[in-house]
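Chemist: Give the three-dimensional model of this entry:
(chains A and B)
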2 protein chains.
Amino acid sequence: MKDDEPELIMLPGPTNVPQRVMNAMIKPIINHRGPKFREFYKELTENLKYVFQTRNDVFPLSCSGTGGVECAISNIVGKGDKVVVPVNGVFSERLSQTVEAFGGEAIKISIEWGDAVTPQQVKKVLEDGNVKAVAVVYNETSTGVTTRCLKEIGDICREYDCLYIVDAISIFGGDHLPVDEWGVDICIAGSQKCLMTPPGLAAISISEKAWKVIEKTKGSKFYFDLIKYRDFASKFETPYTPALPLFFALGEALKMIREEGLEARFKRHESCAKAFYNALEKMNLSLYAKKPVRSNVVIAINNPPRITDEQIRSKLLKEHKIVVAGGMGKLKGTMFRIGVMGTVNAYHVIRTILALEQTLKELNFEFKFGEGLHTAKETLAKEGLL
Amino acid sequence: MKDDEPELIMLPGPTNVPQRVMNAMIKPIINHRGPKFREFYKELTENLKYVFQTRNDVFPLSCSGTGGVECAISNIVGKGDKVVVPVNGVFSERLSQTVEAFGGEAIKISIEWGDAVTPQQVKKVLEDGNVKAVAVVYNETSTGVTTRCLKEIGDICREYDCLYIVDAISIFGGDHLPVDEWGVDICIAGSQKCLMTPPGLAAISISEKAWKVIEKTKGSKFYFDLIKYRDFASKFETPYTPALPLFFALGEALKMIREEGLEARFKRHESCAKAFYNALEKMNLSLYAKKPVRSNVVIAINNPPRITDEQIRSKLLKEHKIVVAGGMGKLKGTMFRIGVMGTVNAYHVIRTILALEQTLKELNFEFKFGEGLHTAKETLAKEGLL
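Modeler: Down below sits the predicted model:
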């Protein structure tokens, strides 16, 4: 691959950013307390609501996804408040730590990594009573697992009258998440994943039920104080200076998402993921996530015997200009991960599988060389992407 | 002024951003856990240390300035800890609120707005004992006041063995602030002011003395947990996904600052401010800040009799494409504010004064038309900027 060939970013975030979105960042600076900004902010939040599929309030936040999670937690958790968190990877672990950092009690449901919580498991914990919220990571970026029973958990939260928080950072805009229909009270999104925007922004939706809790909760917060965001949003402003270029980028990305349409977008992610999964299985590779909970946006592949992810990743980068991720936390050195996010299309899949087959062949992994590519191509054609 | 003439941003942040800095934002996305980022991060923090004039640890933070202040406070304030805060405007008030939001006790020294605290006032409060930190806003953006006795307050903090926190957000990179020499334990900077970078980043410096306190302090924090920033910085990474385009922009701006040199940069801000002040006084305008504490980076001008800042600002914008700010908090509707920040040069001063004279003439303000421009020109020539 030529040295000046641009890298193909197949990370589970940040992702490839369309030039249209990039260019939006270099718009001239405007006054964030002036009419131009207010007009822009109004459209931005309307388009965010479209992707959240909600009538709830939504706010863009100048911080990374982790800041968005802290915003959710610090606004609803007071000292000793109980929050149920199913833990099946690095990010759900982090979510439970955030609850505790703000004085809450995280009631963890420990799930085998690679699997996802069931509605029954959540219900069982709620029966013990006195739980303020259930907080679920929709897509565990560290394991490639999507919790597919979000709607059912939403029904249970309603039944037990507790708040329902969904950390959707790595999947938002790439898979189904009708916030209102599924009864999600607080949903958190990140810019640098399926929204194909550079990193640095989060977004959050807040239901009426959540506002009632927020108004009564005393906790440590200032930068993430949602009441202030609501006050300022009433005049289409942010309480503190917004990260303007990233706001502009997100605005442009949301326009592109509306142009494509949510359903088409989700389908494209699903089809690309299907092509990857079919090809990878054909190549004798073993996947970390259990089949029923496999993610359409992050694919976690166990290291093949006697080959390290470091070897694979470095050959992919140097010889094919493709960037994929390693494992996180306790999974470091055991797997590599491919993001299927944002702009992802048939050519990305083909180029990645092609390079991966070449790489594995050179590393003496035993598989039928060429079968992966063939399978990917067939699947993509069947899905209407080729 | 032609409709397509770009606006001249004379706000006290965000400011005009050089094209070189803008263009840095559209560099391709890279892996924030890869070698390219680590190399970049190393250079970025080295250049930040140059501007902080420190050997302390420094960290860029993906948030606005207010997030940077929260980072400082939430890492050193535990329940009931006393922090002395001189309050002389909106941002020092906000600083004291942040202390309280995180369970601390803010001991406010109330200063007349338009004036600044004296070392004696700080010393007097410290004599009562048991104070954990003194936190000072170096430049009150809301009033155009710079606290000129930072070094002396630093000496007092050392004498009473308490931490010294300086919120330098709106002045950092535009006026003298040798962090080590003045004994500042925690200093906070913002990207969108004198650093001529778009909004969305803060930066913070942490002394050895501050680390000892941070390590022992239990408070509510997660996104801003400095221990995590230190851990990850040891391998030239950030704990959470960084706002890459803004990091790239800041990196480029810091290179430009090194090229110009700190002393030349401070002098340029000072000379432009002097030209503004001389011209504005000649134009019979009244300044909000007392003369000895006038800021070189923000100029606050009281509304002339029977003229509103709204009238002035809207004419400046519509007829001259110049953006200036109004008042904040209780000063809203009483003044307008001009930023003298970042790229500011002789032509910015001349264009602004020219437009302001024209505007005030049309609004029937009584002054010797043309004297302002003449004075600005003379001052700039004497200062070597024309």
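
Chemist: Name the nearest residue to the residue in the stretch 201-350 of chain A that chain B sits nearest to, ignoring sequence neighbours.
Modeler: For the stretch 201-350 of chain A and chain B, the shortest gap (Cβ to the nearest Cβ) falls at residue A:243, measuring 2.6 Å. Where C-beta positions appear, they are placed from N, C-alpha and C, glycine not excepted. Distance criterion Cβ to Cβ, 6 or more residues apart in numbering or on different chains; nearest residue to residue A:243, sequence neighbours excluded, is residue B:200 at 2.6 Å.

Chemist: Helix or strand for the one you found, just tell me which one.
Modeler: Residue B:200 belongs to no helix or strand when assigned by DSSP states H and E.

Chemist: burial count for it?
Modeler: When neighbours are counted by other Cβ atoms under 10 Å in any protein chain shown, residue B:200 registers 32.

Chemist: shouldn't the residue of the stretch 201-350 of chain A closest to chain B be in contact with residue A:62?
Modeler: Yes. Shown here, residue A:243 and residue A:62 form a contact pair, counting by Cβ atoms under 8 Å, at 4.2 Å.

Chemist: related to what we said a few turns ago, thinking the residue nearest to residue A:243 is in contact with residue B:67, fair?
Modeler: No. Using Cβ under 8 Å, residue B:200 makes no contact with residue B:67, being 9.7 Å away.

Chemist: Now for the two: what residues contact both?
Modeler: Residues touching both residue B:200 and residue B:67 by Cβ atoms under 8 Å, 6 or more residues apart in numbering or on different chains: residue A:62.

Chemist: Chain A - how does it break down into domains?
Modeler: The record, using automatic domain parsing to delimit domains, assigns chain A the ranges A:8-15+A:262-382, A:19-260.

Chemist: Span of the last one from start to end?
Modeler: Taking Cα to Cα, to the nearest Å, domain A:19-260 runs 16 Å from one end to the other.

Chemist: Distance from that domain to the middle of the chain?
Modeler: Taking Cα atoms, centre = their mean, to the nearest Å, the mean C-alpha location of domain A:19-260 is offset from the chain mean by 10 Å.

Chemist: can you list residues touching both of residue A:243 and residue A:62?
Modeler: With Cβ under 8 Å, 6+ apart as the test, residue A:243 and residue A:62 both reach A:200, A:201, B:64, B:199, B:200.

Chemist: ok, the residue nearest to residue A:90 when sequence neighbours are not counted - contacts?
Modeler: Take residue A:90 and drop its neighbours on the chain: the residue closest to it by Cβ to Cβ, 6+ apart is residue A:142, 3.8 Å away. Shown in contact with residue A:142 (Cβ under 8 Å, 6+ apart): A:89, A:90, A:91, A:113, A:300, A:327, A:328, A:329, A:331.

Chemist: if we can go back for a sec, can you give me the pLDDT of the residue nearest to residue A:243?
Modeler: Residue B:200 carries a pLDDT value of 98.

Chemist: Repeat that for the one 3 residues further on.
Modeler: For residue B:203, the model assigns a pLDDT of 98.

Chemist: go on, the one 3 residues further on?
Modeler: Model confidence at residue B:206, given as pLDDT, is 98.

Chemist: Give the burial count for it, as a bare number.
Modeler: Neighbour count for residue B:206, taken as other Cβ under 10 Å: 24.

Chemist: Can you list the neighbours in contact with the helix ranked longest in chain A?
Modeler: Secondary structure assigned by DSSP state H gives helix A:262-282 as the longest helix of chain A. The contact list for helix A:262-282 (Cβ under 8 Å, 6+ apart) reads A:50-51, A:53, A:173-176, A:194, A:257, A:260, A:287, A:294-297, A:299, A:301, A:338, A:340-341, A:344-346, A:348-349, A:352-353, A:368, A:371-376, A:378-380, A:383-385.

Chemist: Can you flag the buried ones in these?
Modeler: Using 16 or more other Cβ atoms under 10 Å in any protein chain shown as the burial test, the contacts of helix A:262-282 include A:51, A:53, A:173-176, A:194, A:257, A:287, A:294-297, A:299, A:301, A:338, A:340-341, A:344, A:346, A:348-349, A:352-353, A:372-373, A:375-376, A:379-380, A:383, A:385 as buried.
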